[in-house]
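Q: Starting from these lines, generate the structure:
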Amino acid sequence: MLQVPELKGIITAYSTVGRLRKTLITHMLSLFNGVIDDDFVKLRTKVAKTHYRIGLQPRWYSSGFQNVQNHLQRIVFEQTKNEDEQRALISAIGKILNHEQQLVLEAYEVEHLKARENQYKEIKEEVKRKISLVSEEVLYLSEETDASVKQLIENGQFVKMQIATRAEQPLRSKTMAEEGQKRMQILTE
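A: Have a look, this model is predicted:
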């Protein structure tokens, strides 16, 4: 395991080779003690959660279990000379190890799905938050635009009144000038 950089990194970050050996021995003994109950399943779930938490990929778990199976088969061939007994032991070991792997990999998948659901929820909340911020910004800009349009309308009306007033002044001036000329003519006559 120490030859694979990814595994070496996980081992040095979370354990030691010595502790892993002790854990593996205890784990193997629990596999072959003849009891498959709720505690057996809970322990496999715990193994999966731990592997998921530390970032151990299922392929490394399966690969490690293949090595364990190969080692156990070697022990069977070394310790048992009867071929029928060898086949029976290897079959039993295969079934136990297969059951173990199924439990752990299923629990690992559950952890993976939970993590994906949590990630989805986080992304969904982030999107909601961003949409809310954009909506607030759009509302603010809309109110600002509305106020600007109203101001432009008021300014336009003011300018219109000013133009009308200024347009009337020359007419008034002309009318006053004409009246003044008529009065002067009357006075001079």
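Q: measure the residue nearest to the spatial centre of the chain to residue 125 for me?
A: Geometric centre of the chain, nearest residue: residue 119, 3.1 Å, by CA atoms, centre = their mean. Using CB to CB, to the nearest Å, residue 119 is found at 11 Å from residue 125. Placement of C-beta: from N, CA and C, glycine included.
Q: and if you look at residue 109?
A: Going from residue 109 to residue 125 by CB to CB gives 24 Å.
Q: any low-confidence regions in the chain?
A: Counting by pLDDT under 70, the ranges of the chain that qualify are 1, 189.
Q: Phi and psi next, for residue 34.
A: Residue 34 adopts backbone torsions of phi 90, psi 0, taken as degrees, to the nearest 10.
Q: I'd like the numbering to begin with 816 instead of 1 from here.
A: Sure, I'll start numbering at 816, so the last one becomes residue 849.
Q: Report the contact partners of it.
A: Residues counted as contacts of residue 849 (CB atoms under 8 Å, 6 or more residues apart in numbering): none.
Q: same question, residue 923
A: 863, 866, 867, 873, 876.
Q: Quick check on it: phi, psi?
A: Dihedral angles (degrees, to the nearest 10) for residue 923: phi -60, psi -40.
Q: separation between it and residue 880?
A: Counting by CB to CB, the gap from residue 923 to residue 880 is 13 Å.
Q: do residue 856 as well
A: Using CB to CB, we find residue 856 at a distance of 17 Å from residue 880.
Q: Those two: which is more packed in?
A: Just comparing residue 856 and residue 880: by other CB atoms under 10 Å the higher neighbour count belongs to residue 880, 16 against 13.
Q: Can you tell me the closest non-neighbouring residue to the more buried one?
A: Leaving aside its sequence neighbours, residue 880 sits nearest to residue 916 (CB to CB, 6 or more residues apart in numbering; 5.7 Å).
Q: Please tell me how far residue 955 sits from residue 961.
A: Separation of residue 955 from residue 961 (CB to CB): 11 Å.
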